[in-house]
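# need the 3D shape of this:
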Amino acid sequence: MKVDDETLEAMKVHARETYPDECCGWLVGLPGGDTRVVRMRNYQDQAHADDPERFPRTARTAYYPHPTDLLAATELVDSPGHCLLAMYHSHPDHDAYFSEEDLAQATPFGEPTYPEALQIVVSVYDGEVRDVKAFAWSADSAGYEGCAVGPEADPGP
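Below is the predicted model of the structure:
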């Protein structure tokens, strides 16, 4: 997926600012071809405090988009001419890989909720971004596979 330097940097800044907790957000395609980075607050700590059995992890190792932020992002994506390009989150003090937890969140019913949207993971160690990787759903393999992301990447279909 072709992502311009400004969008890529916005995700990295978000990951650095929320470190040592995970960040989360969406990349939304706008009419005319621009991309908007939609940050969401990580509600995981509050969810964990309210229901630790259902949400055993804290924001240090998991994310749960704030319900108000998620609703606003969904309404934006549902606006005429808008589309969801990607979902992103960070892995504090871990590499940029698509974890089993990431897969479970992306496929709550065995298939992705948004199969066209990439999943982007930002690796951040000690407050510094080390890597950004993207993963695309493959119907053939029924799983997520690594793909290029950045200014030089193939723009895709």
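
# just the helices in this protein please.
5-18, 44-50, 67-77, 100-106 (DSSP state H).

# now the longest one - C-alpha only, CSV.
Taking Å, rounded to 0.1, in the frame of the first residue of the first chain, the C-alpha atoms of helix 5-18 are listed here in CSV:
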residue,chain,number,x,y,z
ASP,A,5,5.8,10.1,4.3
GLU,A,6,3.5,12.4,6.2
THR,A,7,1.0,9.6,7.0
LEU,A,8,3.7,7.2,7.9
GLU,A,9,5.3,9.8,10.2
ALA,A,10,1.9,10.5,11.8
MET,A,11,1.5,6.8,12.8
LYS,A,12,5.1,6.8,14.2
VAL,A,13,4.5,10.0,16.2
HIS,A,14,1.3,8.4,17.7
ALA,A,15,3.3,5.3,18.6
ARG,A,16,6.0,7.3,20.3
GLU,A,17,3.6,9.5,22.2
THR,A,18,1.6,6.6,23.7
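
# buried set for stretch 127-137?
Val129, Val132, Lys133, Ala134, Phe135, Ala136, Trp137 (16 or more other CB atoms under 10 Å). The C-beta positions use only the backbone N, C-alpha and C, and glycine is treated the same way.

# hang on, the earlier thing: which among the helices of the chain is found nearest to Cys83?
Closest to Cys83 of the helices of the chain is helix 67-77 (CB to CB; 6.6 Å).

# tell me the mean pLDDT for that closest one?
Here helix 67-77 scores 98 as its mean pLDDT.
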